[in-house]
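Participant: have a look at this prediction, sequence included:
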Amino acid sequence: MSENFLNFQKSKDYIEESSLHLAGGVNSSFRTGMKPNALGFVSGEGPYLFDMDGNKLIDYYLGMGPMILGYNPSSIKEAVKKGIEEGFFFGAQSKYELMAAKIINKLVPSSELVRFCTSGSEAVQASLRLARAATKKNMVIKFEGHYHGWFDNVLWSNKPTLQHAGRRDNPNLVAWTDGQDTHSGDSIVVLPWNDIEILDKRLSKGDIAAVIMEPAMCNSGGISPRNDYLKKAKISCKSNGSLLIFDETITGFRFAPGGAQEYYNITPDITILAKAIANGFPVAAITGSRELMSLLTTGKVVHGGTYNSQYLSMIATVKTLENYSKNDFHNNLNEKTIYLKEGLEKVFFDQNIPSVLSSFPGFIFCGFGMKTQPQEYRDLLNLNTEMYISFCLEMIKRGVRSLERGAWFISIEHSKEVLQKTIEIARESAIAIKNN
């Protein structure tokens, strides 16, 4: 077992210097608190990142999910280089936004018209506005542990403690951050996910504009919907005059060419797409039926954004989306995912570490301290988070970077050799935490 651990001193020094000029030395709150410290990077290639200390890291952050084609793919790089010669911003229309929309219409079951945004958080806000306009209702149901962006009106009950969450059948709204508008939750109802009886009962009041959910719970865990939950949720929404919104920021294009809605064969009214839509370029979208999306064209529903459908980003979107029509893309991605999951399961079993692992194509969730699969957010509160963070620290010291919240994103560039190396390092890391 090697004791030649990687050194991250230059990244540490960089964060200390940048903290004098950038708040916290970073530009997102979700980039803080990593152990041993936040890292600075100089390049990426395939499944690897190269940091300021010259370390070569096998990466499973994948930019928090977008880099499904791996880092620096030549097809996107060459197309964007050519685009720069033509002009990188017009603030107007281009052929590539139309090309991208046509591909989305073809791939995503719910898609008849598309509207592009620059981030998933913005797309969520557009979808809620659209739903309220279409239904003439104001209330929105979201679920404990589901993340729909950092805006005040949806940043409720994302990570509540059991003490603050209150009753399961009627949870409290728990703000995530200081400074959050205390009235922004007035139009939000929080429920436990995966319980159709509770959802159906609340919808029956008839005042809900939309139900927004991750169709598979990936931000706070890796939880599958119960049998027929999505189908029954769609039926209940329709019978009570509410719209069903799938936030496919993570699941879109990763689970299947058409996302989780294709994977589970359930078509929502509105779909939010981001992350894997453009392999690292700032692109998101909302899509739905022609009738519903036409509210954006009549002037009844206002949606704007200076950088929406930015020229180079649309080129990257087209080049990314073209991959998903290949017959073997998602089969290949899923084979890699299962190989890694089974390897990690054996490591933890051999070391007698209680753990749960779940997987979808291109995504694994791993948690310590439980032996049965979680069914909803409150089950995740039983995880041994401290032990898992220690495991992640041992991993990165040996050259593998994985998210401390338990999510592993796999790209098409993670070869079997890379995955096997990861499993070997996981074994070393698991032994290390058992011996500490």
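Facilitator: Thanks, I have it.
Participant: okay, now the nearest residue to residue 288 once chain neighbours are set aside: neighbour count?
Facilitator: Once flanking residues are discounted, residue 288 sits nearest to residue 270: 4.5 Å by Cβ to Cβ, 6 or more residues apart in numbering. Using the backbone N, CA and C atoms, a C-beta is placed for each residue, glycine as well. Using other Cβ atoms under 10 Å, residue 270 has 25 neighbouring residues.
Participant: how close does residue 270 get to residue 70?
Facilitator: Look at residue 270 and residue 70: by Cβ to Cβ, to the nearest Å, they are 30 Å apart.
Participant: go on, residue 420?
Facilitator: Using Cβ to Cβ, we find residue 420 at a distance of 17 Å from residue 70.
Participant: swap in residue 208?
Facilitator: Distance, residue 208 to residue 70, using Cβ to Cβ: 41 Å.
Participant: swap in residue 316?
Facilitator: Distance from residue 316 to residue 70, by Cβ to Cβ: 14 Å.
Participant: still on that earlier bit, between residue 420 and residue 70, point out the one with more neighbours.
Facilitator: Neighbours were counted for residue 420 and for residue 70 using other Cβ under 10 Å; residue 70 has more, 18 against 13.
Participant: give me the number of neighbouring residues for the closest residue to that one other than its chain neighbours.
Facilitator: The shortest distance from residue 70 to any residue other than its chain neighbours is 3.0 Å, reached at residue 413 (Cβ to Cβ, 6+ apart). Using other Cβ under 10 Å, residue 413 has 19 neighbouring residues.
Participant: what's the answer for residue 230, then?
Facilitator: Close neighbours of residue 230, defined as other Cβ under 10 Å, add up to 25.
Participant: what's the answer for the one 10 residues further on, then?
Facilitator: By the measure other Cβ under 10 Å, the count of residues near residue 240 is 17.
Participant: torsion angles phi and psi at it?
Facilitator: Phi and psi for residue 240, reported as degrees, to the nearest 10, are phi -110, psi 10.
Participant: then residue 23?
Facilitator: Main-chain torsions, residue 23, degrees, to the nearest 10: phi -60, psi 110.
Participant: cool, residue 55 as well?
Facilitator: Torsion angles at residue 55 (phi, psi; degrees, to the nearest 10) stand at phi -80, psi 140.
Participant: with the one 5 residues further on instead?
Facilitator: Backbone geometry at residue 60, expressed as degrees, to the nearest 10, gives phi -120, psi 10.
Participant: excluding chain neighbours, give the residue nearest to residue 394 in space.
Facilitator: For residue 394, ignoring the flanking residues on the chain, the nearest one in space by Cβ to Cβ, 6+ apart is residue 429 at 3.6 Å.
Participant: so how far is residue 353 from that neighbour?
Facilitator: The value you get for residue 429 to residue 353, if Cβ to Cβ is used, is 11 Å.
Participant: also residue 368?
Facilitator: For residue 368, the distance to residue 353 - Cβ to Cβ - is 6 Å.
Participant: the closest residue to residue 91 other than its chain neighbours: neighbouring residues, count only.
Facilitator: Counting by Cβ to Cβ, 6+ apart, residue 306 is the residue found nearest to residue 91 once chain neighbours are left out, at 6.4 Å. Residues lying near residue 306 (other Cβ under 10 Å) number 8.
Participant: swap in residue 209?
Facilitator: The burial count assigned to residue 209 is 24, neighbours taken as other Cβ under 10 Å.
Participant: A strand includes it, no?
Facilitator: Yes: the assignment for residue 209, made by DSSP: H, G, I helix; E, B strand; the rest coil, places it in a strand.
Participant: pull the contacting residues for it.
Facilitator: Contact analysis of residue 209 by Cβ atoms under 8 Å, 6 or more residues apart in numbering lists 128, 131-132, 134-135, 137-140, 242-243.
Participant: of those residues, which pair is most distant in space?
Facilitator: Greatest spatial distance among those (Cβ to Cβ): 134 and 139, at 13.9 Å.
Participant: quick one: which of these two has more around it?
Facilitator: Ranked by neighbour count (other Cβ under 10 Å), residue 134 and residue 139 place residue 134 first, with 22 against 18.
Participant: against residue 38, how distant is that one?
Facilitator: 42 Å.
Participant: residue closest to the middle of the chain?
Facilitator: Note on the chain: the residue nearest the mean C-alpha position is residue 250, at 3.2 Å, using Cα atoms, centre = their mean.
Participant: without its sequence neighbours, what residue ends up closest to that one?
Facilitator: Setting aside the residues directly before and after it, residue 250 is nearest to residue 218 in space (Cβ to Cβ, 6+ apart), at 4.5 Å.
Participant: so where is the stretch 1-150 of the chain shaky, pLDDT-wise?
Facilitator: For the stretch 1-150 of the chain, residues meeting the criterion pLDDT under 70 lie at 1-2.
Participant: kindly recompute the last result at 90.
Facilitator: Applying pLDDT under 90 to the stretch 1-150 of the chain picks out residues 1-4, 29-35, 37, 88, 90-92.
Participant: quick one on the thing from earlier: and the residue nearest to residue 70, what does it touch?
Facilitator: Neighbour list for residue 413: 46-47, 69-71, 73 [criterion: Cβ under 8 Å, 6+ apart].
Participant: so it is in which element?
Facilitator: Residue 413 belongs to no helix or strand when assigned by DSSP states H and E.
Participant: again with residue 427
Facilitator: Residue 427 is part of helix 416-435, with elements assigned from DSSP H and E.
Participant: packing partners for that helix?
Facilitator: Packing partners of helix 416-435 (3 or more Cβ pairs under 8 Å, 6 or more residues apart in numbering; DSSP states H and E): strand 56-59, helix 329-350, helix 385-397, strand 400-401.
Participant: try 10 Å this time
Facilitator: strand 56-59, helix 329-350, strand 363-368, helix 385-397, strand 400-401 (3 or more Cβ pairs under 10 Å, 6 or more residues apart in numbering; DSSP states H and E).
Participant: off-centre distance for the first one?
Facilitator: Using Cα atoms, centre = their mean, to the nearest Å, the distance from the centre of strand 56-59 to the centre of the chain it belongs to is 20 Å.
Participant: quick one: contacts of that strand?
Facilitator: With Cβ atoms under 10 Å, 6 or more residues apart in numbering as the test, strand 56-59 has contacts from 6, 39, 41, 44-51, 67, 70-71, 395-396, 398-402, 409, 411, 414, 418-419, 421-422, 425.
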